[in-house]
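Engineer: Show me how the following folds:
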Amino acid sequence: MPLFGELFLSEVIKKPVFDPKGEVIGRMKDAVVVKGDPLPKISALIIERKKQLYRIKWEDINIFNKRIISSYLDTDSIGPSEGSGDDLLAVRDILDKQIVDANGAKVVRVNDIKLEGYEGEAVLVAVDVGMRGILRRLGLERGSEEFLRLFNSSMPCNLISWNYIQHLKPKLKTIALTVPRQMLSELHPADIADIISQVSREEGAHLFKDLDIGTAAEALSEMEPDMQADIINALDPEKAADIIEEMPPDEAADVLSDLPTEKAKEILEHIEKEEAEDIQELLGHEEDTAGGLMTNQFIAYRYDMTVKEAIERLRKDSEESENVYYIYVVDEQEKLLGVASLRDLLLAGPDTKLSEIMELKLKTVTPDADEMVAAEIISKYNLFALPVVDNEGYLLGIVSIDDIIDRILPPAKRKGRAR
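Structural biologist: Below is the predicted model of the structure:
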């Protein structure tokens, strides 16, 4: 069994590799990593001698530990390294690279790699993302530990098991240890957005493409406008349309408004006609107005509907509407007459008409009203949503308290809001 116990990659890099006679045949430069079961494993060592690279297969390794590395082969039996660009190398491709810690929902950097012996193989079991890994590579780990002991302190290990990491580089997708897509999808959309915002555009786009449509739409909603535009621009129009369709119309309109006109038009052509019309309607309003903030997803029923009928219909309609705060009551022409809260609906008798329980003293705004005016009304009257009507009283949409928070508060402040 070549590997005894456990070690870190930094402890063997640049170590001399000996032949059966004890002669140095080179120094360890890197290690080829391949898919293993259950963990990835080292399939070969790359050694350097006189500025030339050579490859020793794992089965030709006799001893492999932090003190000595030896091979069954002599110098003349070792072939040159003719690895292709498809090889996954531990130092070149994993060390110092960014990974997603799916357990901690954050992006970290690989400072070292932990190896263990398993059934005669050297398998990769964890990455070190802490200060220990950096100090170990600098040869300062032991000295730092002794120094900290003087102060009755210690340096914690910060290892992440392969079971909780998601590689960001495309070539690493071939390793069987990448976090399954469903594990990444279980993260909160805000966490996914944070992760994508911490990496390069290329890596963020790659990670985003691996999300299912529903999760992608939720994560996109949590991103800053410039990041949203970058992500959608990197997708083909059909997939972008699938994601946009999953978003509430007002959020979809916000995303499309930041895209080049031709790209937005191309995406809209792939969206179902009715939904595309809803989005285009919202795109017609100025960004800093109530119309630019509102959504045209709301619940509105006729004044002569009974409470029983309204509740039955609400069970179905609420599935299509993101936020149900109030029931808006309209006439035959869909002009706004009043509003009923869900509490009013629950306390009323089943045969009561909506016209009998609706509140007539409504606060409304027109679509061209300044967004700050809408915010002030919502704040002053403790509203969850504010109806937007045209000059003739037709209900066009609603501005929700979430819309106000998203627009006015910076991203760091809005994360804690209720959902």
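Engineer: In the helix or strand in which residue 279 is found, which residues are buried?
Structural biologist: Using DSSP states H and E, residue 279 maps to helix 273-283. Of the residues in helix 273-283, 275-276, 278-280, 282-283 count as buried by neighbour count, 16 or more other Cβ atoms under 10 Å. No exception for glycine: its C-beta is placed from N, CA and C like everyone else's.
Engineer: Next: stretch 329-338.
Structural biologist: Those would be 329-330, 336-338, for stretch 329-338 by 16+ other Cβ under 10 Å.
Engineer: pLDDT of that stretch, averaged?
Structural biologist: The predicted model assigns stretch 329-338 a mean pLDDT of 93.
Engineer: Straight-line length of it, end to end?
Structural biologist: Start-to-end span of stretch 329-338 (Cα to Cα, to the nearest Å) is 5 Å.
Engineer: Give me the contact list for that stretch.
Structural biologist: 300-303, 328, 339-340, 354-355, 358-360, 362, 364, 387, 389, 392-395 (Cβ atoms under 8 Å, 6 or more residues apart in numbering).
Engineer: Next step: those restricted to helices.
Structural biologist: Judged by DSSP state H, the contacts of stretch 329-338 include 354-355 as members of helices.
Engineer: re the thing from before, after the helix holding residue 279, which helix or strand is next? Please name it.
Structural biologist: Criterion used, DSSP H and E; the element after helix 273-283 is helix 290-293.
Engineer: helices or strands up against that following helix?
Structural biologist: Secondary-structure packing of helix 290-293 (3 or more Cβ pairs under 8 Å, 6 or more residues apart in numbering; DSSP states H and E): helix 371-380, strand 385-389, strand 395-400, helix 401-408.
Engineer: mind saving the C-alpha coords of it as PDB?
Structural biologist: The C-alpha coordinates for helix 290-293 follow below in PDB (Å, rounded to 0.1, in the frame of the first residue of the first chain):
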ATOM      1  CA  ALA A 290     -45.200  53.700  -9.700                       C
ATOM      2  CA  GLY A 291     -45.800  52.100 -13.100                       C
ATOM      3  CA  GLY A 292     -42.100  51.100 -13.300                       C
ATOM      4  CA  LEU A 293     -42.400  49.500  -9.800                       C
END
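Engineer: just how off-centre is that helix within its chain?
Structural biologist: Put simply, helix 290-293 sits 28 Å off its chain's centre (Cα atoms, centre = their mean, to the nearest Å).
Engineer: can you list contacts of it?
Structural biologist: Residues contacting helix 290-293 (Cβ under 8 Å, 6+ apart): 250, 282, 284-286, 365-371, 373-374, 386, 388, 396-397, 399, 403-404, 407.
Engineer: If we use 10 Å, what do you get?
Structural biologist: Residues from elsewhere that reach helix 290-293, judged by Cβ atoms under 10 Å, 6 or more residues apart in numbering: 250, 253-254, 257, 281-287, 364-375, 377, 386-390, 396-400, 403-404, 406-408.
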